[in-house]
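Novice: okay, structure incoming, though there's no sequence with it:
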């Protein structure tokens with residue numbers, strides 16, 4: 001099995017795999033998509049963690065997330081929502097040690113019960129009952 005970190009898969013991306021970009025980041029489709037049109041927003045600078053991005057990189061990544069979201073929605077009217085997620089560190093599920101932000105389109109009925117959304121990273125914590133206090 002090839003190591004995606006040696007050389008870094010995201011530093012060696014082919015131009016024809018980039019769907020959009022700006023000065024600090026680019027967007028590409030995920031190689032193992034959770035849903036159709038699942039994209040990654042990837043800072044151009046090789047940096048392991050979102051928490052190490054500088055202010056400009058965060059701003060430009062955010063702008064690209066919104067631009068790509070709008071592009072995806074324009075091309076697929078079945079999309080009714082999105083999950084945005086970042087795995088930061090191996091224990092959080094990060095397997096490519098170059099910061100990347102998942103933009104995952106969601107559709108009505110794609111799962112039986114979408115309650116809890118990103119809380120599903122720990123399956124037993126995803127579904128909950130809100131207490132009246």
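Specialist: Here it is on my side, so go on. Everything numeric in this text was worked out from a predicted model, so none of it was measured.

Novice: where along the protein do the helices fall?
Specialist: 55-75, 123-126 (DSSP state H).

Novice: adding distance to residue 36 and mean pLDDT, write the ones you listed out as TSV.
Specialist: Using the backbone N, CA and C atoms, a C-beta is placed for each residue, glycine as well. Output for the helices of the chain, formatted as TSV (distance: least, CB to CB, whole Å; pLDDT from 0 to 100):
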stretch	distance to residue 36	mean pLDDT
helix 55-75	9	98
helix 123-126	22	74
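
Novice: dump these into CSV; add mean neighbour count and distance to residue 83 as well.
Specialist: Formatted as CSV, the helices of the chain follow (neighbours: other CB atoms under 10 Å; distance: least, CB to CB, whole Å):
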stretch, mean neighbour count, distance to residue 83
helix 55-75, 15, 11
helix 123-126, 10, 12
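
Novice: make CSV out of those helices and add distance to residue 85.
Specialist: Putting these into CSV (distance: least, CB to CB, whole Å) gives the following:
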stretch, distance to residue 85
helix 55-75, 11
helix 123-126, 13
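
Novice: right, and the ones you listed - which one's nearest residue 15?
Specialist: Minimum separation from residue 15 across the helices of the chain (CB to CB) falls at helix 55-75, 16.3 Å.

Novice: which residues are in contact with that closest one?
Specialist: 19-27, 37, 39, 41, 43, 45, 47, 50, 53, 79, 82, 84, 101, 103, 105 (CB atoms under 8 Å, 6 or more residues apart in numbering).
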